[in-house]
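*Asks:* fold the stuff below for me.
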Amino acid sequence: MKILIIGYGVVGQNMEQIFPGATVIDPGRGMFPVPDDQPYDVGFICVPTEMLPTGHADVSVVNQAIGEHEKDCDVLCIKSAVPPGTTQLHIDAGTEIVVSPEYFGRTVHANAVDYDFVILGGDPRDTERVARAYQEVKSGAFRISQTDARTAELVKYMENAWIATKVTFCNEFALIAKAFDVSYSVLRELWLEDPRVSRSHTFVYPDRPGWDSHCLTKDIPAIIQACRSAGYNPEFLQAMTENNVRHRGLPRS
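*Replies:* Down below sits the predicted model:
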């Protein structure tokens with residue numbers, strides 16, 4: 001299948017590893033492929049969705065990429081993090097498009113995981129076409145889940161909110177351990193003996209308390225604002241964010 005990758009940041013580079021030989025376009029990096037008269041089977045949109053001053057996700061670059069490349073591809077697949085409802089607007093407008101949350105990170109925590117699944121959200125006819133692209137490069141052990149667009153969009157924010165919550169929780173217990181003159185490293189290992197607790201994101205770094213990663217810093221405010229726009233105030237996520245700010249401001253000596 002002919003694959004187009006739009007955007008060559010962390011996500012685009014990882015997508016190229018999954019689909020070697022794909023055509024990559026990223027004007028910001030000076031990457032302009034030779035035009036091809038034949039349409040691509042799948043175009044993966046891997047452009048950034050940065051945080052606006054209001055905390056909302058800026059989806060303008062995603063919308064621009066869709067407008068510029070929907071006629072170049074049989075189906076588009078958004079790999080960028082977008083608020084729930086974003087993809088459905090394009091589906092309702094007649095665009096053949098799917099959304100697929102990505103889990104490629106910039107830290108050792110993300111890179112330590114070999115992701116053996118993909119989630120595809122959208123019209124079943126379109127998710128099936130993207131699924132076939134993965135079937136050509138993955139073994140039968142690879143898990144392909146297909147759902148509606150809004151669910152696929154929300155699960156990405158749920159994953160990042162869970163990681164942020166876990167980091168906040170561990171930082172809180174590091175402070176609690178210090179108050180009781182207990183080693184957090186020892187406490188952590190004993191806690192992790194419980195098989196119900198996973199080991200990822202449980203280290204606490206005294207010189208870098210809390211979370212301040214690119215994805216969490218933009219995605220947690222984005223889902224908070226999206227919830228408020230939908231009529232729900234996510235007080236837990238807001239409190240978790242405020243605690244992270246508190247953790248980052250406390251002395252750790």
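
*Asks:* where do the helices of this protein begin and end?
*Replies:* Here the chain has its helices, by DSSP state H, at 10-18, 60-69, 86-92, 108-111, 124-137, 149-179, 184-191, 214-229, 235-249.

*Asks:* pick out the residue nearest the middle of the protein.
*Replies:* In the chain, the centroid-proximal residue (CA atoms, centre = their mean) is residue 102; its distance is 4.6 Å.

*Asks:* surely that residue and residue 11 touch.
*Replies:* Yes - assessed by CB atoms under 8 Å, residue 102 is found in contact with residue 11 at 5.1 Å. In short, each C-beta sits where N, CA and C put it, glycine included.

*Asks:* common neighbours of these two, please.
*Replies:* When contacts are counted by CB atoms under 8 Å, 6 or more residues apart in numbering, residue 102 and residue 11 are jointly contacted by 46, 79, 80.

*Asks:* can you count the residues close to the last one?
*Replies:* Neighbour count of residue 80, defined by other CB atoms under 10 Å: 25.

*Asks:* residue 75 is nearest to which of the helices of the chain?
*Replies:* Closest to residue 75 of those, according to CB to CB: helix 124-137, at 4.9 Å.

*Asks:* got a list of what residue 24 touches?
*Replies:* By CB under 8 Å, 6+ apart, residue 24 lies in contact with 4, 5, 8, 12, 16, 31, 33.

*Asks:* tell me the bridge partners for it.
*Replies:* residue 5 (DSSP bridges).

*Asks:* ok, it to residue 17 distance?
*Replies:* The spacing between residue 24 and residue 17, counted by CB to CB, to the nearest Å, is 12 Å.

*Asks:* now residue 151
*Replies:* Distance, residue 151 to residue 17, using CB to CB: 27 Å.

*Asks:* more neighbours: which of the two?
*Replies:* Per other CB under 10 Å, whichever of residue 151 and residue 17 has more neighbours is residue 151, with 14 against 10.

*Asks:* pretty sure that one sits against residue 127.
*Replies:* No - with contact defined as CB under 8 Å, residue 151 does not reach residue 127; the gap is 11.5 Å.

*Asks:* now do the same contact list for residue 184.
*Replies:* Counted by CB under 8 Å, 6+ apart, residue 184 has contacts 173, 174, 177, 178, 204.

*Asks:* and which of those is nearest residue 58?
*Replies:* For the contacts of residue 184, the minimum distance to residue 58 (CB to CB) is 31.5 Å, reached by residue 204.

*Asks:* and that closest one, how far from residue 137?
*Replies:* The gap separating residue 204 from residue 137 is 38 Å, by CB to CB.

*Asks:* ok so, going back, and of the helices of the chain, who's closest to residue 198?
*Replies:* Of all the helices of the chain, helix 149-179 sits nearest to residue 198, with 8.5 Å by CB to CB.
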